[in-house]
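# have a look at this prediction, sequence included:
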Amino acid sequence: MKIKKIKKIIQKIFKEHGLSINHAKLCSEALLNAELVGAQSHGLSRLKMYCDRIKHKIINPKPKIKIKRISQSISHVDADNSIGFVAANVGVDVAIKNAKKTGIGLVAIKNSGHYGLSGYYVEQAVKKNLIAMLFTNAPPAIAPHGALKTLFGTNPICFGTPTASKVPFILDTSVSMINRGKIRVAAREGKEIPKDVALDKYGKPTTDPRKALEGVQLPIAGFRGSGLAWMVDILSGVFTGGNHAGKVKDPFNDFAGPQNIGHLFIVMKPNLFVGNSYNKRIKENIKIIKKLPKIKGIKEILYTGQNKYNRYKKNIKNEIIIPINILKDLKNLNAIK
């Protein structure tokens, strides 16, 4: 299906669910971006979920978002249970403005929801020639090291910087061995997940995505990954006023109330400490690493973000293939006949 047609379909769905034209456009852009960079687990496969939460009145389609300015650099956003795409766009916009004024923008958001890919928002700051970091927590999926019960989310960490080239450096990663969205997609499509990424509810390794969703996802780097998950829970939950310590609700299965996810944006001017030499220094950094001896079979040492950039450039020229199950979702949402 052509990209323009998909964008119109998504906008129509969100408008019919009560979002304003501008907010519907923001949401469609974020969902499509996920498809184009190859992160289908955060794209159209989640559209029905957002609509279900709006229908259950636990996502507010017409939020009255409040921005409290604490200082010229620091702002606190109450997203009023808006859809996460809208809240995160407000957050990154405010952080960018603060950073442009003072050199650094720190923005905390509470009462938000799932916002798709963290890299989508960090890249907006990088395109303004700024360095950015973003933390957000998520529903329980990982057991704290030594515990028998899931509590931490996959808790994404994202970092981005200009590179003095057209391809930004964007690290967008969860602290789990596999993101939860990929497990959901595998369950929906009847596929297995890789080994050593999850345990079933009895604590046994599994490649069955449905058993993994009932069980525990494994963190990266063992107890270190558990520590990172805890750090993100503190920064994006405890610190912002959002839910934390396992209180973030599963967006697909728990309709008892809003998620109240917290996000934390940190945006900085790259010339704060090294003046106008940052571009020269980042180019030197990348050049040195790319010139290192390569493992057999590796043609080029890629920096984080290059693969996604290449996928986007390739996919933007083509039509998007929509799986049958998602086409059914679109039909059920009365978006296509």
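Perfect, thanks for sending it. Residues are numbered from 1 along each chain as shown.

# report the central residue of the protein.
Leu117 (2.6 Å; C-alpha atoms, centre = their mean).

# pLDDT score assigned to it?
pLDDT, Leu117: 97.

# same question for Ile336.
Looking at Ile336, the pLDDT reads 55.

# distance of the residue nearest to the centre of the chain relative to Val238?
24 Å (C-beta to C-beta, to the nearest Å). No exception for glycine: its C-beta is placed from N, CA and C like everyone else's.

# list the buried residues of the helix or strand that contains Arg224.
Assigned by DSSP states H and E, Arg224 falls within helix 223-233. Residues of helix 223-233 classed as buried by neighbour count (16 or more other C-beta atoms under 10 Å): 225-230, 232-233.

# would you put the C-alpha positions of that helix in PDB?
This file holds the C-alpha atoms of helix 223-233, laid out as PDB (Å, rounded to 0.1, in the frame of the first residue of the first chain):
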ATOM      1  CA  PHE A 223      22.400  -8.000  36.800                       C
ATOM      2  CA  ARG A 224      23.800  -4.900  35.000                       C
ATOM      3  CA  GLY A 225      20.800  -4.800  32.800                       C
ATOM      4  CA  SER A 226      18.500  -5.100  35.800                       C
ATOM      5  CA  GLY A 227      20.300  -2.100  37.300                       C
ATOM      6  CA  LEU A 228      19.800  -0.100  34.100                       C
ATOM      7  CA  ALA A 229      16.100  -0.900  34.100                       C
ATOM      8  CA  TRP A 230      15.900   0.300  37.700                       C
ATOM      9  CA  MET A 231      17.700   3.500  36.800                       C
ATOM     10  CA  VAL A 232      15.300   4.200  34.000                       C
ATOM     11  CA  ASP A 233      12.300   3.500  36.400                       C
END
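
# for it, what is the average pLDDT?
97.

# pretty sure Tyr120 contacts Leu32?
No. Tyr120 is beyond contact range of Leu32, at 10.0 Å (criterion: C-beta atoms under 8 Å).

# and those two? Which one has more around it.
Tyr120 (25 against 20; other C-beta atoms under 10 Å).

# that older thread, quickly note the distance from the residue nearest to the centre of the chain to Val37.
7 Å.

# check Lys55 too.
Distance from Lys55 to Val37, by C-beta to C-beta: 29 Å.

# of those two, who's got more company?
A count of neighbours by other C-beta under 10 Å puts Val37 above the other of Lys55 and Val37, at 25 against 12.

# need the phi and psi values for the more buried one.
phi -90, psi 0 (degrees, to the nearest 10).

# which residues touch it?
117, 119, 308, 311-312, 315 (C-beta atoms under 8 Å, 6 or more residues apart in numbering).

# the nearest residue to it once chain neighbours are set aside: which element?
Spatially, and ignoring its direct neighbours in sequence, Val37 is nearest to Lys308 (4.4 Å; C-beta to C-beta, 6 or more residues apart in numbering). Assessed by DSSP H and E, Lys308 sits inside helix 306-315.

# helix or strand right after that helix?
Helix 306-315 is succeeded, C-terminally, by helix 324-332 (DSSP H and E).

# then stretch 111-131 to PDB, C-alphas only?
These are the backbone C-alpha positions of stretch 111-131, laid out as PDB (Å, rounded to 0.1, in the frame of the first residue of the first chain):
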ATOM      1  CA  ASN A 111       0.400  11.200  32.800                       C
ATOM      2  CA  SER A 112       1.500  10.100  29.400                       C
ATOM      3  CA  GLY A 113       1.200   6.800  27.500                       C
ATOM      4  CA  HIS A 114       3.100   4.600  25.100                       C
ATOM      5  CA  TYR A 115       4.700   6.900  22.400                       C
ATOM      6  CA  GLY A 116       6.200   4.400  19.900                       C
ATOM      7  CA  LEU A 117       9.900   4.700  19.200                       C
ATOM      8  CA  SER A 118      12.100   6.800  21.400                       C
ATOM      9  CA  GLY A 119      14.500   7.500  18.500                       C
ATOM     10  CA  TYR A 120      11.800   9.300  16.600                       C
ATOM     11  CA  TYR A 121      11.800  12.100  19.100                       C
ATOM     12  CA  VAL A 122      15.500  12.200  19.800                       C
ATOM     13  CA  GLU A 123      16.100  12.600  16.100                       C
ATOM     14  CA  GLN A 124      13.900  15.700  16.100                       C
ATOM     15  CA  ALA A 125      16.400  17.300  18.400                       C
ATOM     16  CA  VAL A 126      19.400  16.000  16.500                       C
ATOM     17  CA  LYS A 127      18.100  17.600  13.300                       C
ATOM     18  CA  LYS A 128      18.200  20.900  15.200                       C
ATOM     19  CA  ASN A 129      22.000  20.300  15.800                       C
ATOM     20  CA  LEU A 130      21.400  19.200  19.400                       C
ATOM     21  CA  ILE A 131      22.500  16.200  21.500                       C
END
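
# helices of the stretch 151-300 of the chain, start to end?
Assigned by DSSP state H, counting those that start in this stretch, the helices in the stretch 151-300 of the chain fall at 180-189, 209-214, 223-233, 278-290.

# next, format those as TSV and append distance to Ala198.
Formatted as TSV, the helices of the stretch 151-300 of the chain follow (distance: least, C-beta to C-beta, whole Å):
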stretch	distance to Ala198
helix 180-189	7
helix 209-214	4
helix 223-233	13
helix 278-290	32
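
# to Lys166, which of the ones you listed lies closest?
Among the helices of the stretch 151-300 of the chain, the nearest to Lys166 by C-beta to C-beta is helix 278-290 (12.8 Å).
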